[in-house]
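Participant: sequence first, predicted coordinates after that:
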Amino acid sequence: MGLSVVILAAGKGTRMKSSLPKVLHKLANKPLVEHVYDTAMGLGADEVVVVYGHGGEQLKESCSHFKAKWVEQKEQLGTGHAVQQVFDDINLQNTLLVLYGDVPLTRLETLQALLKGADDKIALLSVNLENPFGYGRILRNEQGEVCGIVEQKDATDEQLKIQEVNTGILAAKGSTLKNLLENINNNNSQGEYYLTDIFELAAKDNIAITTSQPAHCYEVEGVNNRLQLACLERIYQRNIADQLMLDGVALADPDRLDVRGQVEIGHDVFIDVNVILEGNVKIAAGTQIGPNCVISDSVIGENVVIRANCVLENVQVDNRVEIGPFARLRPETHLHDGSKVGNFVEIKKSEIGEGSKVNHLSYIGDTEMGKNVNVGAGTITCNYDGAFKHKTVIKDNVFVGSDTQLVAPVTVEANTTIGAGTTLTKDTETDVLVISRAPQKTITGWQRPKK
């Protein structure tokens, strides 16, 4: 039997106090609904249907990369009504799994266990809570079988004592679910069509109802306000940190690392506090990352030292490289083995060759730099003429004096020495000293202006 996943994402999310639809608020820099979609795809779903309502166009635009069908719930008449909207768009012979766009942390293993009980039954994910306030209570008969679910506002005092509650996540054959939903009504305090009403009908029709539970309560927690979102963010991040430490990564403080993407980190890597890893990041063994660094979509080699307050975006760093503090490496930068980039240096779309050094207060852009180059403090590659970018080529063993401007396009041949304060506008020869300075003048008797 195939699998169809329905993601309910039509709620407005009034308590978020935001113009952004609730399910587009981000956890680990990814929309809540995308976490749910990724889980559905991880289950191998044949089809995914997203039920939208408030902010639908914004939702569809933000999630246009989803391989999903989009179904509008024009009136917000309850969860049962929401699921009813999809039956014309799914294969009713498939198992239908109902998920929620604001419940981002349900583990794949939890849903796989739930689906095992859904072949010819209704499978319900329940959870036991010390404080079940606000949740629908699971009703069982004397044989312990599920015979219904009662919502908080409709429950009796005795039913309110029940601690096993409904998560809303369930699975059943599509045709079975359709038949049951055709017979529910809205005779309740909210005047809504509850998806939960199918369980009482199923029990009366002798349709077996199985239950399973998640390993952790947070797996079924939804986001209704920014406080809940922040709480789930910290749970998500701590889970990642714990796994990294089990894999051999040393974290100065596991509560002060944020991973916002996919990371692959080798053993004996040390990461100091307040580091953010975004996108796809690979860090090889033995590397040390100082505090307050941001690394996104980058590959870092072995035994690299990244000192405090550096920003790396879409760069490749080879082995035994030293970076920072306070360095910014912009996209398409490649630092080769043993190179060094020091404090207050910005590099963009450049190759820094093996053993080369750019240690202080410099900007290197659109540059191809060879081996063992030494770039002095305050050096700038003037790569932009106001309309076009131009390339600077610096060959092996060049020494660039401090406060030098390299006006591209320009090539500095191997073993050239450029004197401090030079503005280089022409290609050089090999093994020469190049210098351009205005003559120094001394004016005696000069008086500084006064107010």
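Facilitator: Ah, there it is. On a predicted model such as this, the values are computed, not experimentally measured, just so you know. Numbering: from 1, shown residues only.

Participant: where in the stretch 301-450 of the chain is pLDDT low?
Facilitator: Scanning the stretch 301-450 of the chain for pLDDT under 70 picks out nothing.

Participant: and the helices in this protein, which stretches?
Facilitator: 32-42, 56-62, 79-84, 108-115, 174-181, 198-204, 226-246 (DSSP state H).

Participant: export the first one to CSV, keeping only CA atoms.
Facilitator: Extracted C-alpha coordinates of helix 32-42, given in CSV (Å, rounded to 0.1, in the frame of the first residue of the first chain):
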residue,chain,number,x,y,z
LEU,A,32,8.1,25.0,10.4
VAL,A,33,6.1,23.5,7.5
GLU,A,34,9.3,22.6,5.7
HIS,A,35,10.5,20.5,8.6
VAL,A,36,7.2,18.5,8.3
TYR,A,37,7.5,18.3,4.6
ASP,A,38,11.0,16.9,4.8
THR,A,39,9.8,14.3,7.3
ALA,A,40,7.0,13.3,4.9
MET,A,41,9.6,12.9,2.1
GLY,A,42,11.8,10.9,4.4
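
Participant: any chance of the helices of the chain in CSV, with distance to Asp255 too?
Facilitator: C-betas here are computed from N, CA, C, even on glycine. Formatted as CSV, those follow (distance: least, CB to CB, whole Å):
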stretch, distance to Asp255
helix 32-42, 21
helix 56-62, 30
helix 79-84, 35
helix 108-115, 25
helix 174-181, 42
helix 198-204, 40
helix 226-246, 7
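
Participant: rank these by pLDDT, which is bottom?
Facilitator: Ranked by mean pLDDT, these end with helix 198-204 at the bottom, a mean of 90.

Participant: which elements pack onto it?
Facilitator: strand 122-128, strand 146-150, helix 174-181, strand 209-212 (3 or more CB pairs under 8 Å, 6 or more residues apart in numbering; DSSP states H and E).

Participant: among those, which is nearest Lys348?
Facilitator: Lys348 lies closest, by CB to CB, to one member of these: strand 122-128, at 49.3 Å.

Participant: distance to Ala123 and mean neighbour count for the helices of the chain - can I get that in a markdown table?
Facilitator: Formatted as a markdown table, the helices of the chain follow (distance: least, CB to CB, whole Å; neighbours: other CB atoms under 10 Å):
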| stretch | distance to Ala123 | mean neighbour count |
| --- | --- | --- |
| helix 32-42 | 16 | 21 |
| helix 56-62 | 28 | 16 |
| helix 79-84 | 15 | 22 |
| helix 108-115 | 5 | 17 |
| helix 174-181 | 11 | 19 |
| helix 198-204 | 11 | 20 |
| helix 226-246 | 24 | 15 |
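
Participant: thought Thr196 was touching Thr167?
Facilitator: No: taking contacts as CB atoms under 8 Å, Thr196 lies outside contact range of Thr167: 10.6 Å.

Participant: domain parsing of the protein, as residue ranges.
Facilitator: Domains of the chain are assigned by automatic domain parsing as 3-220, 239-434.

Participant: do you know which of those domains lies nearest Ala230?
Facilitator: domain 3-220 (9.4 Å).

Participant: circling back: redo the domains of the chain as JSON lines? Include distance to Lys441.
Facilitator: Converted to JSON lines, the domains of the chain look like this (distance: least, CB to CB, whole Å):
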{"stretch": "domain 3-220", "distance to Lys441": "57"}
{"stretch": "domain 239-434", "distance to Lys441": "15"}
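
Participant: those domains: which one's closest to Thr444?
Facilitator: Closest to Thr444 of these is domain 239-434 (CB to CB; 23.7 Å).

Participant: start and end of the closest one, how far apart?
Facilitator: 57 Å (CA to CA, to the nearest Å).

Participant: to Leu232, which of the domains of the chain lies closest?
Facilitator: Among these, if distance is taken as CB to CB, the winner is domain 3-220, at 6.0 Å.
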